[in-house]
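1. Pasting a predicted model and its sequence here:
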Amino acid sequence: MKEIVGGLPVQTETAPADGAKIFVTEPHRPSRAVFDRYIDQIWERNWFTNNGPLVCELETRLKARLGVDKLAFVTNGTIALQVAIEALRLEGEVLTTAFSFVATASSIAWQKLHPKMVDVLPGTLNIDPKKIEESIGPNTTSILATHVFGNPCELAQIKALADKYGLKVLYDGAHAFGTAVDGRSILDYGDASIVSFHATKLYHSVEGGGVVAQDPEVFNRVCEMRNFGMNAQGVINGVGINGKNSEFHAAMGLSNLEEFDHIVSRRRELSELYDVLLSGLPLTRPITPVNCTYNYAYYPVVFESEAVLLGALASLNSLNIFPRRYFYPSLSTLDYVDKGLGTPVSDDYATRIACLPLHTNMSAGDVGRVGTALANYFGEAASARRRYA
Ligand code: T4K
């Protein structure tokens, strides 16, 4: 059966019995034997949380892997943002990107600061440095910029602005584990960076996150704040929260870390297959800078219009394929943010971008199924347009 969705014809019959669901993402499952060995250790020690040995081991291995000096493993990426904002002592107005997951903006508001929206660059969908400069006001103290889909922000230009106007820079690197610029992890830039290790991320610890900070005093505050404001001796040095993560989460993180190279190379293979299958279709893709080692965190595609996107999603959903509208709506539509100078680029892209399924449980055949479904959709849309012309 065909229906008109967004002005275009869409296949709406139920998916074939053999068409297993393909989600935008699925958690990577590491070797069960490796994971079980860590769980056995936890069982044996009966030490479950509060800075246990596996949490310490994970932090050490993550630092080595990323080449960073200071990293604190915390409960999730959102707590990482809140603790980092607090530890950096950000105040007043924080300039932030309109194109990100809601946690970026809501963390600022949660800390009772003022998120002011800044528009993005059409190529990378990352915050536009020129617009940052135009948006700086008397109460601006800082910049919170997201490396969207794991693609690096304009690091040098943002640093130059921060130096010029005395602003602090916090990077939301929720998607950025494994991305490097000029051989250096992008989590090592800015005054601090955060990362998410949520189960839907390419590298995960089920729930989890990390804070990387440059200044030892800021990092010390991060460590104390995630532990109710207490230092290692139990002395309360200020207000804190419970941002600690557990041994079980560290076990998953350690197990997945052993497979991280495989995870990235598999995602790269699948992404390159998409590149081939989708070439010639009326879709565009965000740009990855040449000096960037990309982590293949997502496979975003931009449609000509929201109507075409909605038609494509409905068509794919009917075939049991579930891309996601990351990120919709543009954060400038939230009622608790300052809309700043306006964010037309973000507002436009947010209506017509979606991420295609990409995860290590997918086969090349699954990518083929998605590619074919999209090609069929565009083929049918084109012939319908010809019929009605
Ligand atoms: N900053 C940015 C820029 C972020 O993108 C995020 C989070 C954060 C900060 C905050 O980090 P965390 O506090 O989350 O650590 C997901 C994630 O929950 C969220 O972590 C992520 N970004 C955001 C972009 O996406 P949903 O609502 O899309 O997840 P959900 O549950 O719909 O899952 C997506 C698909 O994954 C499902 O269709 C099926 C599959 N799935 C999911 C889970 C949880 C599985 O197969 N198994 C699973 O266990 O938010």
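-> Now that the structure is in, tell me what you want to look at. Residues are numbered from 1 along each chain as shown.

2. In the stretch 51-200 of the chain, where is pLDDT below threshold?
-> By pLDDT under 70, the stretch 51-200 of the chain has no low-scoring segment.

3. near the ligand, which residues of it show up?
-> Contact residues, the stretch 51-200 of the chain versus the ligand (C-beta under 6 Å from any ligand atom): 76-78, 100-101, 103-104, 146, 172, 174-175, 196, 198-200. Where C-beta positions appear, they are placed from N, C-alpha and C, glycine not excepted.

4. Helices - which of the residues you listed land there?
-> 77-78, 103-104 (DSSP state H).

5. quick one: which of these is nearest residue 362?
-> Nearest to residue 362 among these, counting by C-beta to C-beta, is residue 77 at 23.6 Å.

6. number of nearby residues for the closest one?
-> Residue 77: 27 surrounding residues under other C-beta atoms under 10 Å.

7. My read is that it contacts residue 197, right?
-> Yes: with contact defined as C-beta atoms under 8 Å, residue 77 counts as touching residue 197 (7.4 Å).

8. what touches both of the two?
-> residue 209 (C-beta atoms under 8 Å, 6 or more residues apart in numbering).

9. mind listing the strands for the stretch 251-389 of the chain?
-> 292-293, 299-302, 321-322, 353-356 (DSSP state E, counting those that start in this stretch).

10. looking at those, which is buried most?
-> Using mean count of other C-beta atoms under 10 Å, the stretch among the strands of the stretch 251-389 of the chain with the largest mean neighbour count is strand 353-356, at a mean of 22.

11. Which strands or helices does that one pack on?
-> strand 299-302, helix 306-318 (3 or more C-beta pairs under 8 Å, 6 or more residues apart in numbering; DSSP states H and E).

12. Give me the contacts around it.
-> 24, 125, 149, 274, 298-303, 309, 312-313, 323-328, 370.

13. Stretch 174-186 too?
-> 66-68, 77, 101, 103-104, 146-152, 155, 171, 173, 187, 189, 193-198, 201-203, 209, 260, 264, 289, 291-295, 297-298.

14. Enumerate every residue touching whichever residue of the stretch 201-350 of the chain sits closest to the ligand.
-> Going by C-beta to the nearest ligand atom, the ligand is nearest to residue 209 of the stretch 201-350 of the chain, at 5.0 Å. With contact taken as C-beta under 8 Å, 6+ apart, residue 209 is in contact with 73-80, 174, 194-198.

15. Which one (most neighbours) among the residues you listed?
-> Of the contacts of residue 209, with other C-beta under 10 Å as the count, residue 194 tops at 35 neighbours.

16. shouldn't that residue be in contact with residue 82?
-> No: with contact defined as C-beta under 8 Å, residue 194 does not count as touching residue 82 (9.4 Å).

17. what packs against the strand ranked longest in the chain?
-> Longest strand in the chain, counting residues (DSSP state E): strand 140-146. For strand 140-146, the packing partners by 3+ C-beta pairs under 8 Å, 6+ apart come out as strand 93-97, helix 102-110, helix 155-165, strand 168-172.

18. Give me the residues contacting that strand.
-> So strand 140-146 is contacted by 81, 85, 88, 90-97, 99-101, 104, 107-108, 115-116, 126-127, 132, 153, 158, 161-162, 165, 167-175, 190 (C-beta under 8 Å, 6+ apart).

19. picking that back up, pLDDT score assigned to the residue of the stretch 201-350 of the chain closest to the ligand?
-> The model reports residue 209 with a pLDDT of 98.
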